[in-house]
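> Based on what follows, work out the 3D shape:
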Amino acid sequence: MQQVKKNNATDAIPLSNEEKAIVEAVTYDGIHLDELMNSLEKEQRKMLHQLVIRLEAKGAIVALPGGYFARR
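Below you'll find the predicted structure:
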């Protein structure tokens, strides 16, 4: 049986350093926005909502019900 490797969004999509930090913190199973915020540095927290929207538009992450986000 062949294993399927999950795509690393940072390999295929050009991302800023701030965006990469968010993608690296987001899991494939999903992470709640509050938990994501707590895992970031102060400067990254200020732009979290903007970065999440940008990453959704780029297809790097997906919004899940209940305020969760997951990697694609």
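> Which secondary structure element of this structure has the lowest mean pLDDT?
Counting by mean pLDDT, DSSP states H and E, the weakest-scoring helix or strand in the chain turns out to be helix 9-12, with a mean of 58.
> Could you list the low-pLDDT ranges of the chain?
1-11 (pLDDT under 70).
> Next, please give the residue ranges for the helices of it.
9-12, 17-25, 33-38, 42-46, 48-58 (DSSP state H).
> Which elements pack onto the fourth one?
Helix 42-46 makes packing contacts with helix 17-25 when contacts are defined by 3 or more Cβ pairs under 8 Å, 6 or more residues apart in numbering; DSSP states H and E. Backbone N, C-alpha and C define where each C-beta goes, glycine included.
> which outside residues touch the helix it packs on?
9-10, 15, 31, 36, 39-41, 44, 47-48, 51-52, 54-55, 58, 60-61, 71 (Cβ atoms under 8 Å, 6 or more residues apart in numbering).
> Show me which positions of that helix end up buried.
18, 19, 21, 22, 23, 25 (16 or more other Cβ atoms under 10 Å).
> State the distance from the residue nearest the centre of the chain to residue 60.
Most central in the chain under Cα atoms, centre = their mean is residue 23, positioned 3.3 Å from the mean C-alpha point. Using Cβ to Cβ, to the nearest Å, we find residue 23 at a distance of 5 Å from residue 60.
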